[in-house]
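Asks: Okay, predicted coordinates and the sequence, questions at the end:
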Amino acid sequence: MDKKRTGRGLAMTFVSLVPFGSNELVAEKEVWLASYERLCLNPTPKRGFGGAPKQAALLLFSVAVLLAGGAAAVRGQSALDGFDPNANGIIHAVVVQPDGKILIGGDFTTLSPNGGAAVTRNYIARLNPDGTLDTAFNPNASGEVAAIAVQADGKVLAGGSFTSIGGQTRYFLARLDATTRAADSFNPNPNSDVAAIAVQVDGKILVGGKFNGSLSVGEQTRSFFARLSNDTAALQNLGVTPTAIAWTRSGSSPQFTRVTFESSTDNVNYTPLGNGTATGSNWALTSLSLPTGQNIYIRARGYYSSGLENGSESITESVRNAFLTPQPLLNIQPIGNSNVVLSWPTNFTGFTLEASTNLATNVWSTVSPAPSVSGTNNVVTNAISGSRRFYRLSQ
């Protein structure tokens, strides 16, 4: 067995041994190890962004099952699709937005998406999910972009070796407006390259790079690593009902690339509920059947890129203790062809009866008259002339 390293990872050549004098052909197959991650100490310094050495890289070898079919079978699992932005230089940072669009930063000056004509994009760009260029996004940095982070309000933090970006003079660190993509008033003005950015749950911004010395960043003395205040509040709320979870986020909270939801009865052992679906910066999980009449804990975890050249993944967590009450059953009883009687138990308080004529529009209005009490039920008699109507109890 011969081992060799290539630009794509680790390959091993396996040779079948046959008896001496046999006419059987020797089968030699080069088999790629699927899932080559690294966890071994590498004492040899490597040069990173801005010439900074990368010491002691951890390498984890996660060896997958070798397929009997050989190299072709393993390689076939990683076939390229039609996605081909075709940059003319190195990509240092990749951030996937919740809408599927992809922010990239690096040392490129043009992109030729999917075999098309070259389009100028200096050091930072945004791609559509299919690899084509998002033409509305063009901050036009003057130098290399090494790190990107996105806030929940859509603003984009960029760090690198540039001195201007988004139409403004900005040394090595900037924040781009969510709508115009112009550099906003955020201007810490570090005195040298920024290579790593991470946003904390409270909105504060961690930056690392080559800056150091007197008044090196934010008019303070910091050597190579600093935390910056944010002029925008970080807002979030984790809402829970028996059938849905909603994690609403805005302001300077970090924007996630994926979210998971879990439940627990003791805040120690958690059971996965599923992955969230993004709507803007908000995440939700529906069609649930959470237990009622008892205390439960709901944990939401959001994942996003951070660190040197966006090579790390950060996690933000929110836990909500909820006591969910059972949902009332809405009884509907037609009376003739012109009226319908709607009722629900009076021990369910805080509910409003609403109606809609079109579920697709999701527009609901409060039903009148107000409910009256009859025995142990709230009762409303409603005329049903006209178009079809849907009813619900909303809390």
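Replies: Looks like it arrived, so ask away. Residues are numbered from 1 along each chain as shown.
Asks: In contact with residue 390, which residues?
Replies: 355, 356, 357, 359 (C-beta atoms under 8 Å, 6 or more residues apart in numbering). The way it works is simple: take the backbone N, C-alpha and C, and place the C-beta from them, glycine included.
Asks: Now restrict those residues to buried residues only.
Replies: Among the contacts of residue 390, those classed as buried by 16 or more other C-beta atoms under 10 Å are 355, 356.
Asks: now, which of the contacts of residue 390 sits nearest residue 100?
Replies: residue 359 (26.6 Å; C-beta to C-beta).
Asks: ok, back up a step: and which of the contacts of residue 390 is nearest residue 224?
Replies: Nearest to residue 224 among those is residue 359, at 56.5 Å by C-beta to C-beta.
Asks: my guess is residue 114 contacts residue 86, does it?
Replies: Yes. Judged on C-beta atoms under 8 Å, residue 114 makes contact with residue 86 at a distance of 7.5 Å.
Asks: any shared contact partners between the two?
Replies: Going by C-beta under 8 Å, 6+ apart, no residue sits against residue 114 while also sitting against residue 86.
Asks: Helix, strand or coil: sort out the residue nearest to residue 98 when sequence neighbours are not counted for me.
Replies: Spatial nearest neighbour of residue 98, excluding adjacent residues (C-beta to C-beta, 6 or more residues apart in numbering): residue 278 at 3.4 Å. With DSSP: H, G, I helix; E, B strand; the rest coil as the basis, residue 278 sits in strand.
Asks: what about residue 278, neighbour count?
Replies: The tally of other residues near residue 278 (other C-beta atoms under 10 Å) stands at 19.
Asks: ok, the residue nearest the centre of the chain to residue 187 distance?
Replies: For the chain, the residue nearest the mean C-alpha position is residue 257 (0.8 Å; C-alpha atoms, centre = their mean). Per C-beta to C-beta, to the nearest Å, residue 257 is found 27 Å from residue 187.
Asks: next one: residue 352
Replies: Residue 352 sits 48 Å away from residue 187, going by C-beta to C-beta.
Asks: show me what contacts residue 376?
Replies: Contacts of residue 376 (C-beta under 8 Å, 6+ apart): 345, 346, 347.
Asks: Out of these, flag the one nearest to residue 233.
Replies: So of these, ranked by how close each gets to residue 233 (C-beta to C-beta), first place is residue 347, at 39.3 Å.
Asks: Tell me the buried residues in stretch 159-176?
Replies: Quick answer for stretch 159-176 (16+ other C-beta under 10 Å): 159-162, 164-166, 170-176.
Asks: Repeat that for stretch 190-203.
Replies: Of the residues in stretch 190-203, those buried (16+ other C-beta under 10 Å) are 190-201, 203.
Asks: average pLDDT for that stretch?
Replies: Stretch 190-203 carries an average pLDDT of 94.
Asks: and if you look at stretch 353-361?
Replies: Across stretch 353-361, pLDDT averages out at 85.
Asks: Kindly export stretch 313-328 (C-alpha atoms) in PDB.
Replies: In PDB, the C-alpha atoms belonging to stretch 313-328 read as follows (Å, rounded to 0.1, in the frame of the first residue of the first chain):
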ATOM      1  CA  GLU A 313     -18.300  27.700  12.500                       C
ATOM      2  CA  SER A 314     -19.800  29.600  15.500                       C
ATOM      3  CA  ILE A 315     -23.000  28.600  17.300                       C
ATOM      4  CA  THR A 316     -25.600  30.800  19.000                       C
ATOM      5  CA  GLU A 317     -28.100  29.200  21.300                       C
ATOM      6  CA  SER A 318     -31.400  30.300  22.800                       C
ATOM      7  CA  VAL A 319     -33.500  28.300  25.300                       C
ATOM      8  CA  ARG A 320     -37.100  29.000  26.200                       C
ATOM      9  CA  ASN A 321     -39.000  27.400  29.100                       C
ATOM     10  CA  ALA A 322     -42.600  27.100  28.100                       C
ATOM     11  CA  PHE A 323     -45.800  25.800  29.600                       C
ATOM     12  CA  LEU A 324     -48.200  25.200  26.800                       C
ATOM     13  CA  THR A 325     -51.900  25.000  27.300                       C
ATOM     14  CA  PRO A 326     -54.100  22.700  25.200                       C
ATOM     15  CA  GLN A 327     -55.800  24.300  22.200                       C
ATOM     16  CA  PRO A 328     -59.600  24.700  22.300                       C
END
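Asks: Give me the distance from that stretch to the chain's centre.
Replies: On the basis of C-alpha atoms, centre = their mean, to the nearest Å, stretch 313-328 sits 19 Å off its chain's mean C-alpha point.
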